[in-house]
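In: Got a predicted model here, sequence first, then my questions.
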There are 2 protein chains.
Amino acid sequence: MELYLVIAIFVGSLLALAFALIMAKRVLSFDEGTDRMKKISASIRAGANAYLKRQYTIVAIFFAVMFVILGVMAIFGLLTPFVPFAFITGGFFSGLSGFIGMKIATAANARTANACRTGLNKGLRVAFSAGSVMGFTVVGLGLLDISIWFTLLKFVFNQDAAEITSAMLTFGMGASSMALFARVGGGIFTKAADVGADLVGKVEAGIPEDDPRNPAVIADNVGDNVGDVAGMGADLYESYVGSVISCSALGVAAFNSQGMGFQAMAIPMIMAALGILCSIIGTFFVRTGEKTEQKLLLKALSRGTNLSAILIAIAAFPLIWFILGAENWKLYFAVIAGLIAGVLIGKATEYFTSDTYKPTKNLAAKSETGSATIIIGGLGLGMLSTAIPIIIVGIAVLVSFFVSGGTIEAPQMGLYGIALAAVGMLSTLGITLATDAYGPVADNAGGIAEMSGLEPEVRERTDALDSLGNTTAATGKGFAIGSAALTALALIASYIDKIKGMVDGIDYMSFSVMNPKVLIGLFIGACLPFVFAALTMDAVGRAAQSVVIEVRRQFKSIKGLMQGKADPDYAKCVDMCSRSSLKEMILPTVIAIAVPVVVGLVLSYYGVVGMLAGATASGFLMAIFMSNSGGAWDNAKKYIEAGNHGGKGSDQHKAAVVGDTVGDPFKDTSGPSINILIKLLSMVSIVFAALVVFVSQYIPF
Amino acid sequence: MELYLVIAIFVGSLLALAFALIMAKRVLSFDEGTDRMKKISASIRAGANAYLKRQYTIVAIFFAVMFVILGVMAIFGLLTPFVPFAFITGGFFSGLSGFIGMKIATAANARTANACRTGLNKGLRVAFSAGSVMGFTVVGLGLLDISIWFTLLKFVFNQDAAEITSAMLTFGMGASSMALFARVGGGIFTKAADVGADLVGKVEAGIPEDDPRNPAVIADNVGDNVGDVAGMGADLYESYVGSVISCSALGVAAFNSQGMGFQAMAIPMIMAALGILCSIIGTFFVRTGEKTEQKLLLKALSRGTNLSAILIAIAAFPLIWFILGAENWKLYFAVIAGLIAGVLIGKATEYFTSDTYKPTKNLAAKSETGSATIIIGGLGLGMLSTAIPIIIVGIAVLVSFFVSGGTIEAPQMGLYGIALAAVGMLSTLGITLATDAYGPVADNAGGIAEMSGLEPEVRERTDALDSLGNTTAATGKGFAIGSAALTALALIASYIDKIKGMVDGIDYMSFSVMNPKVLIGLFIGACLPFVFAALTMDAVGRAAQSVVIEVRRQFKSIKGLMQGKADPDYAKCVDMCSRSSLKEMILPTVIAIAVPVVVGLVLSYYGVVGMLAGATASGFLMAIFMSNSGGAWDNAKKYIEAGNHGGKGSDQHKAAVVGDTVGDPFKDTSGPSINILIKLLSMVSIVFAALVVFVSQYIPF
């Protein structure tokens, strides 16, 4: 049976990659449009390529250093020799996911703009196909990495189930590290450019968004590709892989004693493979008419995602029944709990951030009394919006734990259930990511349409697609955050599993919050997302400030620029964004890797577990808070631009732009990075567990 | 011995009250100045009185309802019959502290302004004397309440130590409820008025702060008294009492088996009494020359507070040695750890919020690129500033726990040590509160000086005092937050003690974060400060918006107002602030009381402990974040007004005003309320513990 299962996973992964290839060919079959469009698209492409090249160079140095550290630890017997290699491959595939996503997105932007000259449906098809390339590349490469390592460890090195999952968790750490670099670096780039372009262009000079006279406009478009596309690709690769392998690890812990460790380990992998199939089917149902109404467009996309979710909900049942046996069929409900929780968190996010609902409408109304009130309002909205997702995740955890047969005395099955819920949530990532990743493509297409001076109706169509992209992005973020929380919990359980194996007398229930080490760990962990958000926001602020100064300089010193007679120096802005974002991405990532090790060395594994729990709770809250505040400000601004509360150019609009600008690093830099942070912390803890246990013997208190 | 100890506590409390009386007489012996000053002061007083009367009426209804609920629970044997009465007295004394503070502050404002006409030192003496009235009233009433109940329970009803502390924790709940109403209501009032006055007056109409033409200017001054004075008084009463009684309760738990429960219970009370003595001595050392330099003024105040701290550090040693015996002398280090931690957190707060240091200077520089960057910068600064206090508190917890002889197997002594650290931190509250409470008096004095058209050097002097007040307020907030965190931890331990007594097999180490109920509780608890901050900020936003509209209306409709020929309708603004703040204060408080009960009923005591730990961690972070962001924005604005980055009236200044406006609810409404919230949650949990245990038998999972 084992071989069949492995083949099934391989097939799933290759299916995804093949589908991505077909979609990529489809995208490339479209025309790029006028010469001007081609030229602009080429400069965006060049900028994005140049940035990624520099980013990967820096990241490569980091990986080399980590490889040596892990290698030394392996030599001293604190790690298995597979770990350093697994670490590298995780990072490699995560980076590759982002790279391919960026490649196709920069190829698709002009093509989408050009397709929108013919019609809305054609535009949607190009953009969505590009999104699909990204979605299916991520899941395909994720499963490929899993299956290669699995095959290697199982059939070449003859490792047992526990050893396999243990090594596989390490490539999770590689993927997470890469993802954090990509998200933070890309996030800083995109927002520095965006904020810089907005502050001087829109607010000071009073020229419209994407106006070719704005020197930061190309940097802004490059940013969409390296942040929202390449960053997101690496990020979701990490989420996907993380949820599958942490679930596999817990499956082994729960079922090994019954001799079914291998089956339990395979369940999340096969569910992922099935999810790919369901996602592919779903993509065929995404199409729209020619009306730019949001509701119709949203319906077009959700038809696809909903269908995929229903299919996987059906397919999961026989999967669990046949592989784990009829006596464990209740684990199915854990999968369903995860799926439902994902959908509900998405809906809650939509409610708080879409301008069709009250919260964002009320927020827009706060622009009437100036920027201070809209800022206060947006912060309040984001903080308040944490309540519902917390309750949803709480119920999902409770249901998936107890339904799976977990008890406080013997929680293994319950913890496996929680992990299965996370896998359930992410199983249709192929299509949900496609609906998410098409957003930046549409955004870029709009920019190109504006800069190339295409007909107004083209811009109208790209705007409709872009605006829809904001909603799907919000929903996607909800999914990403929800799954991150569940995966992080699963990883904490995996960490304790690891410690259990090394220290006598430790079990899941040894980590009381009244143990001062756990408690202090909890405090420190809860603090990390705050510090992390601060560092990333400050970085955006600093980077943006330098862009602002440069843009002001160009406006002043380049004669004829405002009259459209001279071209600005786009490349200078791109270069500045690159340099500052690469410089700024290092510290946050180093902190994320160093803190768990330091906490472990001082407060032992007790402190680590506390830290992980604290970081998961507060990280979940901060991520939702920041994403939703940012999303709501963005849409409040768009709502005003649509003619409400004075419309474009009014004082209210200016106030809303301030809100949007504050929201930019919130939703696109800090918020999403925190998702990665909470998982990376656990993975680092797992990798350094043996060292911590070793040192903790010598701590006097 | 018991009687002597009780007498000592009584004496301490009466000493404080007598000193407060003397100080009050001193304040009243000064002259109120010109007729115009008297008139303005009278309208502020009238507004504050009217507001508090309405507030207490509403609160009385709440207390009546709670009294009935607690009474019914007592009848069903879920509480002792003392509880409802203790609840009422806690609320009464807390409210009384605020009331007296407000009375003296509104009496002292014109007197301070008038004294500043003679000289700076005289002004400082009046303002500081008024602050002292408040400081010593709070500690005097706090100890009085404690000693009355103690005497009653011990000598009249013959209760044992455990029963005494159990009943006394209930009046903590009363005090906390009252404090929350006062802080939230007063905080909304003051900031609605402040934001309203600033947004229209300063930003739109371009008239200076405290200009008599601004219709919201009296409301703004009333707000200082009902928010920053009455609210703070009730708040710190609650902190003080909470830390003492939770420490007493843990003392009983730790020492009862050795037959020294009574002594351990008395330690925090006597330390509080000694602290009063040390604080009184300290006040005699507060005096200054005639230079308005911040450093000299700050030195004048810190001479007093430092001396008091040193005295109590010395006095605590014999206290512990003689009462608890030489074998327990190491508990002394817990007290010292608390004292040092308090000072260090205060310093850290000062570093992040004072414009003499880099963070606030850098923040001010962000005004160069507009309001969005200064907002992002301030949020980042606040989030980043959480790291150092977290580490300080972490070390304080670790030291006080292990030094006191706590171990993971037998943590009682360690938990008592943590509680002692909190008492150490707050023991000199008399004087630290005096240095804190004098700020709003100076602020009001400045307002009166401006409105009465006094000579510019008077305003200069009141400004110097006010600005110093901002720094001491920041330090005071650091203390309040640090002690709140430690007290909250002590209260969680008290809660578990209570549960231990009712449920077999439960001990301090039964609350692992991997227990899904604890975990979900942790998530919910961590979410509460976010929700709470959102509700209070939204309330300020809503209330402010109504003030803005009213002020705009008056500017438009009252002819000759801008020319200074007609008076605005001050009373209308006061009334609007009152009404909206009273309406808005109810929901947050009800949530704070309802959530612990609901969590307990659904997730049992496991969920409650998780919730309390989560709320303490995230509440601590949110409180620091919000206080420090707010303080830094405020001082960045002042720094610009002092002539940097373009000075008053420049675009940079306008950007900084936006920051300050956002910071207002942060630092004066939401932030301080969260301090109360985290303790109130534990107190409510303790009171409802029996109900939760009873119901939890019937929960199926």
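Out: Received it, and whenever you're ready, just let me know what you need. Residues are numbered from 1 along each chain as shown, chains lettered A, B, ... in the order given.
In: residues in contact with A:A249?
Out: A:A249 makes contact with A:165-166, A:168-169, A:265, A:490, A:494, A:497, according to CB atoms under 8 Å, 6 or more residues apart in numbering or on different chains. Every C-beta, even on glycine, is put in place using the N, C-alpha and C of the backbone.
In: Tell me which two of the residues you listed sit farthest apart.
Out: Taking CB to CB as the measure, those span a maximum distance of 14.3 Å, between A:S166 and A:A490.
In: Between the two, tell me which one has more neighbours.
Out: In this view A:S166 and A:A490 are compared by other CB atoms under 10 Å in any protein chain shown, and A:A490 has more residues nearby, 30 against 27.
In: Test my guess that the more buried one contacts A:S243.
Out: Yes - with contact defined as CB atoms under 8 Å, A:A490 counts as touching A:S243 (7.3 Å).
In: Identify the contacts common to the two.
Out: A:419, A:422.
In: Show me what stretch A:597-605 is in contact with.
Out: With CB under 8 Å, 6+ apart as the criterion, stretch A:597-605 contacts A:495, A:499, A:503, A:506, A:517, A:520-521, A:524-525, A:607-608, A:610-611, A:684-685, A:688-689, A:691-693, A:695-696, A:699.
In: buried subset of these?
Out: Buried members of the contacts of stretch A:597-605, counted by 16 or more other CB atoms under 10 Å in any protein chain shown: A:495, A:499, A:503, A:506, A:517, A:520-521, A:524-525, A:607-608, A:610-611, A:684-685, A:688-689, A:691-693, A:696.
In: what about A:I676, distance to A:E584?
Out: Distance, A:I676 to A:E584, by CB to CB, to the nearest Å: 16 Å.
In: which of the two has more neighbours?
Out: Under the neighbour definition other CB under 10 Å, A:I676 and A:E584 were set side by side, and A:I676 has more, 33 against 23.
In: Would you confirm that that one contacts A:A175?
Out: No - judged on CB under 8 Å, A:I676 makes no contact with A:A175 at a distance of 9.4 Å.
In: intersection of neighbour lists for those two?
Out: In contact with both A:I676 and A:A175: A:E238, using CB under 8 Å, 6+ apart.
In: pLDDT score for the closest residue to chain B within the stretch 151-300 of chain A?
Out: Closest to chain B within the stretch 151-300 of chain A is A:L199: 5.8 Å, counting by CB to the nearest CB. Per-residue pLDDT puts A:L199 at 78.
In: How about the one 5 residues further on?
Out: Among the per-residue scores, A:E204 holds a pLDDT of 77.
In: Same question for A:D194.
Out: If you check A:D194, the pLDDT there is 86.
In: burial measure for A:D35, as a count.
Out: By other CB under 10 Å, the residues close to A:D35 number 9.
In: how close does A:I270 get to A:V335?
Out: In terms of CB to CB, A:I270 sits 12 Å off from A:V335.
In: got any ranges where chain A has weak pLDDT?
Out: Segments of chain A classed as low confidence (criterion: pLDDT under 70) are A:1, A:288-290, A:292-294.
In: In chain A, which helix is the longest?
Out: Longest helix in chain A by number of residues (criterion: DSSP state H): helix A:586-641.
In: any idea of the angle that helix forms with helix B:586-641?
Out: Taking axes from the mean of the first three to the mean of the last three CA atoms, to 10 degrees, one finds helix A:586-641 and helix B:586-641 inclined to each other by 110 degrees.
In: next helix or strand past helix A:586-641?
Out: Note on helix A:586-641: by DSSP states H and E, the next helix or strand toward the C-terminus is helix A:651-665.
In: Tell me if that next one is near chain B.
Out: Yes - judged by CB under 8 Å from any CB of the partner chain, helix A:651-665 and chain B are in contact via A:657-658, A:661-662, A:665.
In: So what's the gap between the following helix or strand past that helix and the chain middle?
Out: Past helix A:651-665, further along toward the C-terminus, the next helix or strand under DSSP H and E is helix A:671-687. The chain centre lies 12 Å from the centre of helix A:671-687; the measure is CA atoms, centre = their mean, to the nearest Å.
In: which is the next helix or strand following helix A:671-687?
Out: With elements assigned by DSSP H and E, the helix or strand that comes after helix A:671-687 is helix A:689-696.
In: elements contacting that next one?
Out: Helices and strands touching helix A:689-696, by 3 or more CB pairs under 8 Å, 6 or more residues apart in numbering or on different chains; DSSP states H and E, are helix A:456-502, helix A:586-641.
In: so which of those helices gets nearest A:L144?
Out: Among the helices and strands packed on helix A:689-696, helix A:456-502 sits nearest to A:L144 (CB to CB), with 19.7 Å.
In: what angle separates the closest one from helix A:689-696?
Out: Going by the same axes, to 10 degrees, helix A:456-502 makes 50 degrees with helix A:689-696.
In: okay, the angle between helix A:456-502 and helix A:671-687?
Out: Put simply, helix A:456-502 runs at 20 degrees to helix A:671-687, going by the same axes, to 10 degrees.
In: Show me what the helix or strand harbouring A:D443 is packed up against.
Out: Take DSSP H and E as the rule and A:D443 turns out to sit in helix A:429-451. For helix A:429-451, the packing partners by 3+ CB pairs under 8 Å, 6+ apart come out as helix A:35-75, helix A:82-118, helix A:120-151, helix A:217-223, helix A:232-255, helix A:261-283, helix A:294-324, helix A:456-502.
In: Quick one: classify A:G33 as helix, strand or coil.
Out: coil (DSSP: H, G, I helix; E, B strand; the rest coil).
In: residues in contact with the nearest residue to it once chain neighbours are set aside?
Out: Closest residue to A:G33 apart from its sequence neighbours, by CB to CB, 6 or more residues apart in numbering or on different chains: A:N114 at 3.4 Å. A:N114 sits next to A:30-34, A:37 when contact means CB under 8 Å, 6+ apart.
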